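A.B. asks: mind folding the following:
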Amino acid sequence: MSLSTLHNAKLSLTSSFRGSLNSDHVDEPELWLSFRKAASKRPGEKTPLIKEEDRADSQLKDKETISLTLLATIFIVTLGSSFQFGYGTGVMNNSEEFMLSYFHNQGMEYTLVHWSITVSCYGIGGLLGSIIGPKVIGAHFGRKATLLWNNVFLAVSSYLMIYAQAWWHQAIGRVFVGIVAGIATAVVPTYFSELSPISIRGAVGTMNLNTNILDLSLKHQLGITVGIVISQFLSTPSLHIFGSEDSWQYLFVVPAVFGALQCVVLPFCPESPSYLYQTQGREAAKRSLQRLQSDQDVVDVYLNMIEEEVQTMKNSQGTLSTTQLFSSKVLRKQLIVGIAVQLMMQFSGIDAVFYYSTKIFREADVSDPELATTLLGVINVFITIVAVRYIDVAGRKVLLTTAWIGLMASYLLLTISFVLKPYYDFMDMLSVISTTGVIIFFAFGPGCIAWFIIAEIFPLYARDTAMSAGIFINWAANWFVAFTFPNLLEATQPYTFLVFVGTAAFFLHFTKQFVPETKGLSIAEVTEQSNRNICLKEIPYAKPEIEAPATNMYIVRGH
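C.D. replies: Okay, here's the model as predicted:
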């Protein structure tokens, strides 16, 4: 039996219940009953089909290759998009003192409130970009063109930041670079996943897609963390690069240079085959696949996968709408958990660290606060690598619980260092150690889990909508923390970080009470676990082996 025939057997099993998942009118009891019906259909043939599917997957992976074209595309997108996200996050942290001094010496007003607004406008831009990217630009131009157009926003941002004649010029510039980050968040993971061979898809995507993409989150996430540390390195005054009144403008030339490089190289990279199939037809998708895979059998199998997915999308009424998601009784607990986990990321206090750690260290009397911030950035890069590698070793709930306990201890130590700094000289070192603890526990907890847990607790028909809601909430909370923290720090010293002790304690309780353990469970089992106290608790759910649609080999994303 040929490779294509084996794969078609897999797709026929998948398509037998895909239509019910994507129905516009979702009657949840019927939906889960149809799941059970699909799972029990032709029981004598279930096991052989699954075995053939595994053999087909194995044969396909043996023939897949990681081409130079794919590697070059991943590199340039990471440099031109993921890196920009991180760079925009970190560049203002070390820059406050010399940038404010520059504006004051030029006779321009730039107060603490103005600075808070400017920094926090990044979150507003991120919120806009996460909508503009996939829903506006992506809907008409595709993944690659969206990333190219993103450089227009980047150029406007760099110009406004460099040539600002008033503080609000820079605030608008931060909105534009936030749009760049928002588009990167929404588009890069999808683009990577649609280009990548099945066997290595987890290594180049992000945690934002599904549990199979866990290991592959490294490229995009690492690009972000490297962007943060490079921006901090260049803006550290004691390193004598761009961290001064005379040269701070060059800090905003760097992202423009990388954006220009992406504009030169990315046009020669392939577009998403899935997008091309939907907009230009089978031959266009085939040409793109042939640039990514040299084996014609692999290309043919991918084309068959895309064709099946497109046909399924045409036959269905669409996925769950936002209104349906928020009104669904079956998914209510998952929705509450999904929203809470997104809020965990921001109200853990991590953005206060990424945006204002230099200010924190200065208040703690650290001798070189900018250099301390840069060293934290280096630690963040290595911790990100380690955290992604070990996320599947321990359970999600175990990691979150441990992280909240660690964050509470770290913030308590940071508070102690502020309270006792007039009496003990070593309190500055304690503040650095405790802030390092915040980064480490965040990386192993909410920072590592918050995105992909949505994919683990929501069924396929609700996953994209839930992810969009999560991105919206995450960026809104990002703005709130960035805007309020400087004033909070001024008003509540030396007890500022007791606020985050309180939020960590609340999220620890929430995690223990409500967050399901998803390790080793199917989505149906997670849903059953979440809904034990509602009317559908008696409905027998599908077995794990029918979860194939959630991890389909070549998912065609909506555009």
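
A.B. asks: distance of Pro486 relative to Thr146?
C.D. replies: According to CB to CB, to the nearest Å, Pro486 and Thr146 sit 34 Å apart. Every C-beta, even on glycine, is put in place using the N, C-alpha and C of the backbone.

A.B. asks: who has more neighbours, those two?
C.D. replies: For Pro486 and Thr146, the more surrounded residue by other CB atoms under 10 Å is Thr146, and the numbers stand at 27 against 20.

A.B. asks: per-residue confidence at that one?
C.D. replies: Per-residue confidence (pLDDT) for Thr146: 93.

A.B. asks: what sits against it?
C.D. replies: The contact partners of Thr146, taken as CB atoms under 8 Å, 6 or more residues apart in numbering, are 133-134, 137-138, 183, 187.

A.B. asks: dihedrals phi and psi, it?
C.D. replies: phi -60, psi -40 (degrees, to the nearest 10).

A.B. asks: could you measure it against Gly125, distance?
C.D. replies: Distance of Thr146 to Gly125, computed by CB to CB: 16 Å.

A.B. asks: can you count the residues close to Thr492?
C.D. replies: Around Thr492 there are 12 residues (other CB under 10 Å).

A.B. asks: quick one: the closest residue to it other than its chain neighbours and Gly470, what's the gap?
C.D. replies: Nearest residue to Thr492, sequence neighbours excluded (CB to CB, 6 or more residues apart in numbering): Val499, at 7.3 Å. Between Val499 and Gly470 the computed distance is 24 Å (CB to CB).

A.B. asks: kindly state the pLDDT recorded for Ala38?
C.D. replies: Taking Ala38 on its own, its pLDDT is 41.

A.B. asks: please read the previous query as pertaining to Arg532.
C.D. replies: Here the pLDDT value assigned to Arg532 is 55.

A.B. asks: then Ala462?
C.D. replies: Note on Ala462: pLDDT of 79.

A.B. asks: skipping its backbone neighbours, what lies nearest it in space?
C.D. replies: Per CB to CB, 6+ apart, closest to Ala462 is Leu320, 4.3 Å.

A.B. asks: got any ranges where the chain has weak pLDDT?
C.D. replies: For the chain, the stretches with pLDDT under 70 are 1-66, 196-219, 294, 312-319, 388-392, 451-452, 455, 460, 518-559.

A.B. asks: helices and strands around the helix or strand hosting Glu307, which ones?
C.D. replies: Glu307 belongs to helix 296-315 when assigned by DSSP states H and E. Secondary-structure packing of helix 296-315 (3 or more CB pairs under 8 Å, 6 or more residues apart in numbering; DSSP states H and E): helix 3-21, helix 43-63, helix 273-279, helix 282-292.

A.B. asks: buried set for it?
C.D. replies: Buried residues in helix 296-315, defined by neighbour count with 16 or more other CB atoms under 10 Å: 298-306, 308-310, 312.

A.B. asks: and Asp365, what element?
C.D. replies: For Asp365, there is no host helix or strand (DSSP H and E).

A.B. asks: how close does it get to Tyr411?
C.D. replies: 18 Å.

A.B. asks: the two: who's more crowded?
C.D. replies: A count of neighbours by other CB under 10 Å puts Tyr411 above the other of Asp365 and Tyr411, at 27 against 15.

A.B. asks: what are the phi and psi angles of Asp368?
C.D. replies: Dihedral angles of Asp368 (phi, psi; degrees, to the nearest 10) stand at phi -130, psi 80.

A.B. asks: next one: it from Trp115, what distance?
C.D. replies: For Asp368 relative to Trp115 (CB to CB), the value is 21 Å.

A.B. asks: next SSE after the longest helix seen in the chain?
C.D. replies: The single longest helix within the chain, with elements called by DSSP state H, is helix 460-492. Next helix or strand after helix 460-492 toward the C-terminus (DSSP H and E): helix 498-514.

A.B. asks: for that next one, C-alpha coordinates in PDB please.
C.D. replies: Extracted C-alpha coordinates of helix 498-514, given in PDB (Å, rounded to 0.1, in the frame of the first residue of the first chain):
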ATOM      1  CA  LEU A 498       3.800  42.600  48.500                       C
ATOM      2  CA  VAL A 499       1.200  43.300  45.800                       C
ATOM      3  CA  PHE A 500       2.700  40.500  43.700                       C
ATOM      4  CA  VAL A 501       3.000  38.300  46.800                       C
ATOM      5  CA  GLY A 502      -0.800  38.600  47.100                       C
ATOM      6  CA  THR A 503      -1.400  37.900  43.400                       C
ATOM      7  CA  ALA A 504       0.900  34.900  43.500                       C
ATOM      8  CA  ALA A 505      -0.900  33.600  46.600                       C
ATOM      9  CA  PHE A 506      -4.300  34.000  44.800                       C
ATOM     10  CA  PHE A 507      -3.100  32.200  41.600                       C
ATOM     11  CA  LEU A 508      -1.600  29.500  43.800                       C
ATOM     12  CA  HIS A 509      -5.000  28.900  45.300                       C
ATOM     13  CA  PHE A 510      -6.700  29.100  41.900                       C
ATOM     14  CA  THR A 511      -4.200  26.600  40.400                       C
ATOM     15  CA  LYS A 512      -4.700  24.100  43.100                       C
ATOM     16  CA  GLN A 513      -8.500  24.400  43.000                       C
ATOM     17  CA  PHE A 514      -9.300  24.900  39.300                       C
END
